[in-house]
Every structure is written in structure tokens, then in C-alpha cells.
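K.L.:
Could you look at this predicted model? Sequence included:
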2 protein chains.
Amino acid sequence: MSNLSVELPLAEPDVVPCCPPLTSAELSAEDSVRMAAMFKALGDPVRLRLFSRVASHPGGEACVCDIQDVGVSQPTVSHHLKKLREAGLLTSERRGTWVYYRVAPSVVAGMAALLDLNR
Amino acid sequence: MSNLSVELPLAEPDVVPCCPPLTSAELSAEDSVRMAAMFKALGDPVRLRLFSRVASHPGGEACVCDIQDVGVSQPTVSHHLKKLREAGLLTSERRGTWVYYRVAPSVVAGMAALLDLNR
DNA sequence: CTCTTGATTCGACGATTATCGATGTGGTGG
DNA sequence: CCACCACATCGATAATCGTCGAATCAAGAG
């Protein structure tokens, strides 16, 4: 397979510079805007469901066709996936006929770190 | 205190039954609605800022008067605190003249657990 | 009781949003 | 070239949301 470059066991190096846990310091106005945009992206049931389908899909990625059965029309699914992309939570890539989505682990990790109250 | 049930050394008994990490299984429609409501509550900059002020306040609680200087009117602050209460993220208690808010740790822990992609 | 201060509720208004059908785009295969 | 599929964009509409000033409620102080 790939040649002799170093094999990193763990993939993600960066965890997004933003923000110590909420218990340690209050957020600045700017950080609040940035982070709120991410939480807002998950603040819709359809979007959260789509996001969860991508995140739980085998291989870590999912084609739109794999996840679009969530009870709303196809344009609406596309609209929500775009919102998740714009928030930085998902990335997309076209391969042939299909478009594949995967989660952006570092961004999600940043949100989780913010909510970790025991630190 | 309680009778002969096992004494758990750590305080928090419940971590909100909801939801394994997003990577392990997709959310049901109902769980998506429940969890999205919580994320939505943090999806506004003013609310996230207020929440962060409560969470980071010494003693784990804050009077409204301590945190209301976030650039919007006082009724708007009250409105946002109500939303955070309704989402289950904050609890409030009146003591004499002032009303004190604190975070609901188990609920926030549930959100953080959902976003923990490394499990 | 009255005045004052802290906080919530009410009513209104402008802005944003979720949703849809119709249309457009990009790729595959006859 | 044309038909078909997967997906995105457009335009419209109904609903939700954030914000404010005014009014209300709750708790002391005089």
C-alpha cells in the first residue's frame, strides 16, 4: 500500500484552538459567536439526525443517498447538509456520481472540550 | 442517610440516559428532537455567553445581576435565561432579592458524551 | 402602605429559518 | 447527442426567533 512514510497511529493532530472548558473562564463575545454557530448547526432535529447518520456510518463517511431518508424532501436535506458544512462540522467530496460526507473530528472535539465541565 | 443501597463515591448519579456517542449509533427521531433542543439553546451567542458566565462563576452559581452585562436589554437577558432553563441546561433559585442560576451538570455531560467521537 | 430595586412577563416588530416544488448542474451510460 | 440519475440552487411562503419598551411581580427599606 502506501510507501514508507511514518505511520501515525492516531490521526487527528489539531483540536481547534478554541476555548478552554466553560468552567474555567467565560467566553469572549467573539468566541461566543463562533461556538454558538456550531451549536446552532446541531440545534435542528433533522440536521442532528443527518449528522448522526454520517458520524455512525461505517467507514466514517456516507453518501447523501445513504442518509437522506429522514422525512423531509431532498432539497431540504441538501439545505441542511450545506448548513452543517458551513458550520465546519462536515466536509464533502464528490466521487463520480455520488457526494460523500464525513465529520470534521477536530471541530466536534472542540465543542466537546467546551462542554467538559470536569476540568 | 439512605438505607443499605451501595454508596457511590462520586456524586453525580445520572448522566441523562440519553444517547451513546454519535459514532456508535444513529439517533432516533425522538432523541434527535430532545438533543437538538439542547444544542439549540446554546446556539445563540448571547445565550452561550450567559451560560459560560454561569458555568465559570465562582461557587458554580451566579445571580442575574452578576452576568446581565452582555450588550442586550435586561428583558432579553431574562428571556434567554428562560430558554436555557427550559432546555434543562440551567436551574434557578430565588433567595431573597436575587435569583441565582447554576448549570445542570448531568445534562451538559450528556451533550458532551454525545460529541465524544473517540468511543 | 409606599418607594425602590431585581427580575419576569407581555405585546409588537423585523429578521432569520425550515420547508417545498421547480429548475439547474454534473456525471454515467446508452 | 440524449436520457437518466444524484445532488445543489432558486424563489416563495409560513413559522420561529431575537429584541425592545412597557407593564407586572417579588422582596426588602423606610
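P.N.:
All right, it came through fine.

K.L.:
From here on, just use CA atoms for contacts and neighbour counts.
P.N.:
Fine.

K.L.:
for residue A:24, phi and psi?
P.N.:
Backbone torsions for residue A:24, taken as degrees, to the nearest 10, come to phi -90, psi -30.

K.L.:
Over to residue A:93?
P.N.:
Backbone torsions for residue A:93, taken as degrees, to the nearest 10, come to phi -150, psi 130.

K.L.:
Count the residues that sit near it.
P.N.:
Using other CA atoms under 10 Å in any protein chain shown, residue A:93 is surrounded by 12 other residues.

K.L.:
Could I get the pLDDT score of it?
P.N.:
Residue A:93 carries a pLDDT value of 97.

K.L.:
what bridges to it?
P.N.:
Counting by DSSP bridges, residue A:93 is bridged to residue A:100.

K.L.:
OK, contacts around it?
P.N.:
The contact partners of residue A:93, taken as CA atoms under 8 Å, 6 or more residues apart in numbering or on different chains, are A:99-101.

K.L.:
ok, so of these, who is nearest residue A:39?
P.N.:
Closest approach between those and residue A:39, by CA to CA: residue A:101, at 18.9 Å.

K.L.:
how close does the closest one sit to residue B:83?
P.N.:
32 Å (CA to CA, to the nearest Å).

K.L.:
Neighbour-wise, give me the winner out of the contacts of residue A:93.
P.N.:
residue A:101 (21 neighbours).

K.L.:
per-residue pLDDT, the residue sitting nearest the centre point of chain A?
P.N.:
With distances taken as CA atoms, centre = their mean, residue A:89 lies nearest the centre of chain A, 2.5 Å away. At residue A:89, the model reports a pLDDT of 98.

K.L.:
Now for the nearest residue to it once chain neighbours are set aside: which residues touch it?
P.N.:
Of all residues not flanking residue A:89 in the chain, residue A:104 sits nearest, at 5.2 Å (CA to CA, 6 or more residues apart in numbering or on different chains). With contact taken as CA under 8 Å, 6+ apart, residue A:104 is in contact with A:88-91.

K.L.:
Output these in JSON lines, with secondary structure and distance to DNA strand D appended to each entry.
P.N.:
Formatted as JSON lines, the contacts of residue A:104 follow (DSSP: H, G, I helix; E, B strand; the rest coil; distance: CA to the nearest atom of the strand, whole Å):
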{"residue": "A:88", "secondary structure": "coil", "distance to DNA strand D": "14"}
{"residue": "A:89", "secondary structure": "coil", "distance to DNA strand D": "14"}
{"residue": "A:90", "secondary structure": "strand", "distance to DNA strand D": "11"}
{"residue": "A:91", "secondary structure": "strand", "distance to DNA strand D": "10"}
